[in-house]
Structure formats: C-alpha cells, structure tokens
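Engineer: can you look at this prediction? I've put the sequence above it.
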Amino acid sequence: MNDEAELIVAAKAGSVDAFTDLVRAYRERLLRFLLTRCASFADAEDALQDTLIAAYRYLHSYDPRWRFSTWLYRIAIRKAAGLRRPDVVDVTDVHDLRDEESDPLLQCLADTETDNLWISARRLFNDDVFTAMWLRYAEDMSVNDISSTLERSVSWTKVNLMRGRRALGNALRDEPPGSKAYG
C-alpha cells in the first residue's frame, strides 16, 4: 500500500504502519522547512515531532478534499510559531546569517553564502513571504495550496510570489531597493 489516499484511509482506521509510511514521505521536507522558521536545529526537530504528533492525533479531522501536504504544512507552521517565546528574538528578522555555527538554515543548505539564494531570501522577506517562496520553489506547491497553507488569498499569494521573485532578482544583481523593479 503506497498510494497516499489509501494510506490516509488506513491511518484513519488506526493503522500506525500506514501513518508511518504516510509521514515518511514528508519528514525530511518538513524538517528542512521548519529549519527556515525555527531558531535552532533542536527547535526545528521539536516542531517536527509536535507536528507529527498533532497530525496523528487529529488525522480524523483531515478533509480529503484538500491535499494532505497542505494540511501537514499548516500544522507545522502553527507548531513552529508556538515555539517562539516573547523573550526570543525572531531569527528571520535580525539574525546574523554569517554565524554558521548557530544558523540551522546555513548548516542545512549552503556551503557558501553567495551560492544559496535562500540565505538572501531570508534576509529580504518576512515570515509569510519567505514561506510562500519556499513552499512554491523548494516544495513545488501550487499557488492554491500555498494560499490554503498560509491562510491567505490566492491574490495575496500570487502578488507576493511575483514581488518576491523581483526583489530577490534585484538583490542578487545588487540593484538598490528604490529601483523600478521593486514596484
């Protein structure tokens, strides 16, 4: 049994093996995604475990009209947000990305800063726009799935993906923010 829909039905019926097979396909991608939203590798692992526990616990509420990945990423976003405490600085806003020893995204993705556009993207964008860009270009999600995952409109998603591509292109070409390409 390897069809996702069959695995979901079996997992809803109580099959732990089916649930294990189901999330095995998403585990690594979810961890990589959570590394972009968490302050440390340990926090990302905690968020992943919390996500998988919540998915198992609430699998009965999953509606098959929606993609399973959309539902799972929505849980992951909420679990990562729940790890942020008021006394912790948001790493996506002010974190020094040159500190490779403390940056889980750098440890996971890039050998050199210039070789990885995700490092630049994280510097440029707020959480929602970065997440939309990541889900579209790293996870190959559709615009509709991204808008559902982020609980944003399809129009917001399209506009921010377009603006994000433009801003990232400008940043990589070292164009100033006031140029025409920023809109």
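Structural biologist: In hand now; what should we look at?
Engineer: name the SS class of the most centrally placed residue in the chain, please.
Structural biologist: When Cα atoms, centre = their mean is applied to the chain, the residue found nearest the centroid is F33 (3.9 Å). Local secondary structure at F33 is given as helix here, using DSSP: H, G, I helix; E, B strand; the rest coil.
Engineer: test my guess that it contacts W134.
Structural biologist: Yes: judged on Cβ atoms under 8 Å, F33 makes contact with W134 at a distance of 6.4 Å. For the C-beta atoms, the positions are set from N, CA and C on the backbone; glycine is no exception.
Engineer: now do stretch 70-78: everything it contacts.
Structural biologist: Among residues not part of stretch 70-78, those counted as contacts by Cβ atoms under 8 Å, 6 or more residues apart in numbering are 23, 26, 30, 33-34, 37, 47-48, 51, 54-55, 58, 62-63, 131, 135, 139, 141, 145, 148-151.
Engineer: stretch 120-132: which residues count as buried?
Structural biologist: For stretch 120-132, burial by neighbour count (16 or more other Cβ atoms under 10 Å) applies to S120, A121, R122, R123, L124, F125, D127, V129, F130, T131, A132.
Engineer: so A47 makes contact with A39?
Structural biologist: No: between A47 and A39 there is no contact, the gap being 10.4 Å when judged by Cβ under 8 Å.
Engineer: higher neighbour count, those two?
Structural biologist: A47 (26 against 20; other Cβ atoms under 10 Å).
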